[in-house]
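>>> Need coordinates for the following:
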Amino acid sequence: MSLWNPWHGCTKCSPGCQNCYVYRRDAEFGRDASIVKKTASFNLPVKKDRHGDYKLKPEDGTVMTCFTSDFFHPDADAWRPEAWQMMKIRPDLQFYFVTKRPERFYEGLPEDWGDGYENVHICCTCENQYQTDRRLPVFLNLPIRHKEIIHEPMLQEIHIEKYLEQYHDQIECVSYVSPAAENPGREPDSATMAGSLSPRCSALNTACRSTFIRPAAYSRKEAGSIILTGKIRKNRLENPGLTRHALRFDNWSHSTGQLCSAPTLQPFRFSG
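The predicted structure is shown next:
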């Protein structure tokens, strides 16, 4: 996995931004995270080493893009066309970014975009039902080849049945991120969870992939997560993959490839 932040900084636009990790991190260094600036690594995808080879190589994995800002932030409108151009120049790389601003998709969009660049994966995040119903109707109608949905941070149970029914052939992945990632101190009350998302994928017989992202050890505040990816069918995760710093995942059985309990498929209910 590679990281490319062409610009840094963002402005809070919804409740999911309240505990933004970028703001927390910048505050530690006395920086104002609300100021959006082009970074020194802006042209990283096309940078070359002294031998004339690209520094970013396909074998380095997916290029996680603009993770300290929003790719569609209005303050980056002047830089976005060039960023798109670099993605086009590097069809050998896969670019992935998450947005809370799908309504700004067309600002600075390349004329040759068509149905989307094959190497660009865009994920829309939805932290509560209001933002889900505001963003997904826009996002799911955009000309993007690779679309994903992520429930992050989990501020409340969300229902996406109607979107899966209508757009299941377009959604490649539905992901869930535990509240601890952006909301430190707000831990789940043991294994009690509410509002299943993944079972709906199975019930609707969709082809979308599901990803579960859960902090490894809440009580000890250890860094690291376990991420399981695969297709959900009748509470079974097919073709699972394991990435990042996998410390533990209590409800997963490696021997059977089975999620040991259905609640694991559901968003956390907060305590307090």
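>>> What separation is there between residue 82 and residue 6?
8 Å (C-beta to C-beta, to the nearest Å). C-beta: built from backbone N, CA, C; applies to glycine.
>>> shared neighbours of these two, anything?
Taking C-beta atoms under 8 Å, 6 or more residues apart in numbering as the criterion, residue 82 and residue 6 both touch residue 42.
>>> Looking at those two, which has the bigger crowd around it?
residue 6 (23 against 14; other C-beta atoms under 10 Å).
>>> Tell me which residues touch the more buried one, please.
Contacts of residue 6 by C-beta under 8 Å, 6+ apart are 38, 39, 41, 42, 44, 65, 66, 76, 79, 83.
>>> Greatest separation within those residues: which pair is it?
Farthest pair in the contacts of residue 6 (C-beta to C-beta) is 44 and 76. Separation: 15.4 Å.
>>> who's more crowded, those two?
residue 76 (24 against 19).
>>> residues in contact with the spatially closest residue to that one that is not a sequence neighbour?
Excluding its sequence neighbours, the residue lying closest to residue 76 (C-beta to C-beta, 6 or more residues apart in numbering) is residue 7, at 5.0 Å. Listed by C-beta under 8 Å, 6+ apart, the contact set of residue 7 reads 36, 37, 38, 39, 42, 66, 69, 73, 75, 76, 79.
>>> Show me which of the residues you listed are buried.
36, 38, 39, 42, 66, 69, 73, 75, 76, 79 (16 or more other C-beta atoms under 10 Å).
>>> tell me the phi and psi of the third one?
This means residue 39. Main-chain dihedrals, residue 39, degrees, to the nearest 10: phi -100, psi 170.
>>> State the distance from the closest residue to residue 12 other than its chain neighbours to residue 79.
The shortest distance from residue 12 to any non-neighbouring residue, by C-beta to C-beta, 6+ apart, is to residue 20 (6.7 Å). Here the criterion is C-beta to C-beta. By it, residue 20 lies 21 Å from residue 79.
>>> quick revisit: okay if I get the buried ones among the contacts of residue 7 as a markdown table plus secondary structure?
Converted to a markdown table, the buried ones among the contacts of residue 7 look like this (DSSP: H, G, I helix; E, B strand; the rest coil):
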| residue | secondary structure |
| --- | --- |
| 36 | coil |
| 38 | strand |
| 39 | coil |
| 42 | coil |
| 66 | coil |
| 69 | coil |
| 73 | coil |
| 75 | helix |
| 76 | helix |
| 79 | coil |
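>>> Just the C-alpha atoms of stretch 13-22, please, in PDB.
The C-alpha trace of stretch 13-22 is given here as PDB (Å, rounded to 0.1, in the frame of the first residue of the first chain):
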ATOM      1  CA  CYS A  13     -18.900  19.400   6.800                       C
ATOM      2  CA  SER A  14     -20.900  16.900   8.800                       C
ATOM      3  CA  PRO A  15     -21.100  15.100  12.200                       C
ATOM      4  CA  GLY A  16     -18.700  12.500  11.000                       C
ATOM      5  CA  CYS A  17     -16.000  15.100  11.000                       C
ATOM      6  CA  GLN A  18     -16.300  16.000  14.700                       C
ATOM      7  CA  ASN A  19     -13.300  13.800  15.800                       C
ATOM      8  CA  CYS A  20     -11.300  14.000  12.600                       C
ATOM      9  CA  TYR A  21      -7.900  12.400  13.000                       C
ATOM     10  CA  VAL A  22      -6.300  15.000  10.800                       C
END
